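Novice: Here's a sequence, model it:
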Amino acid sequence: MNQHPDEHTNENARKLPETKVEDRTDEQGQVPPSRPKNTDIAPAASEVNDETVIEVQGVYIISVAARILDMHPQTLRKYERLGLINPGRTIGMLRLYSIEDIKKVRLIRYLSDELGLNLAGVEFALAAFDNMSAIKHRINGRLEGIPAAQQVVQEEMDLLFQSLNLPNDH
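Specialist: Sure, this is the predicted structure:
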């Protein structure tokens, strides 16, 4: 009998009966427990106007992120080892770079290439940048409902970021 290697010789393997979870029982005659809610791999969906909207954050594996940034993947690994970036990970430990990670690497490159900072200086600048952004958001939160004061804070923070030659995080 000459069969293609991919063809199954067992006819029963081709026609599996359709079973529902309720139909399956173990050797002791017990039904397996039902699946807990909210364990889907897919992102959470929210109902809006009878349409399902799935919120997905853009993520890229290291090779794609390196191509987007026009740099070697080893450079991204080095930045991670130094704690400059912290990409997410899959269960299989693949690095996943978000849009925010991509922006941060561009800022690192700017600080290093354009401003001439070494990586220790980049680390210091990133911490200062994060702190200034946090302060700006806290102040704006406290000044909620006072648009004139929020505008003054925004203008002053813009001047500070500009004087330090940093991108503004509007």
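Novice: From now on I want contacts and neighbour counts done on CA atoms only, so please keep to that.
Specialist: Fine.
Novice: tell me the contacts of residue 66?
Specialist: Applying C-alpha atoms under 8 Å, 6 or more residues apart in numbering, we find residue 66 in contact with 72-73, 76.
Novice: Please work out how many residues are found near residue 76.
Specialist: 22 (other C-alpha atoms under 10 Å).
Novice: which residues touch the strand or helix carrying it?
Specialist: Using DSSP states H and E, residue 76 falls within helix 73-81. Here helix 73-81 makes contact (C-alpha under 8 Å, 6+ apart) with 62-63, 65-66, 85-87.
Novice: Tell me the most packed of the residues you listed, by neighbour count.
Specialist: In terms of neighbours by other C-alpha under 10 Å, these top out with residue 65 at 23 neighbours.
Novice: Now the helix holding residue 76: buried residues?
Specialist: 73, 76-77, 79 (16 or more other C-alpha atoms under 10 Å).
Novice: thinking again about what came up before, could you dump the contacts of residue 66 to TSV with pLDDT and distance to residue 102?
Specialist: Formatted as TSV, these follow (pLDDT from 0 to 100; distance: C-alpha to C-alpha, whole Å):
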residue	pLDDT	distance to residue 102
72	96	14
73	96	13
76	96	10
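Novice: Can you measure across stretch 86-105, start residue to end residue?
Specialist: 11 Å (C-alpha to C-alpha, to the nearest Å).
Novice: What of stretch 110-123?
Specialist: End-to-end for stretch 110-123, by C-alpha to C-alpha: 13 Å.
Novice: if we can go back for a sec, export the contacts of residue 66 to JSON lines and tack on distance to residue 117?
Specialist: Formatted as JSON lines, the contacts of residue 66 follow (distance: C-alpha to C-alpha, whole Å):
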{"residue": "72", "distance to residue 117": "20"}
{"residue": "73", "distance to residue 117": "21"}
{"residue": "76", "distance to residue 117": "17"}
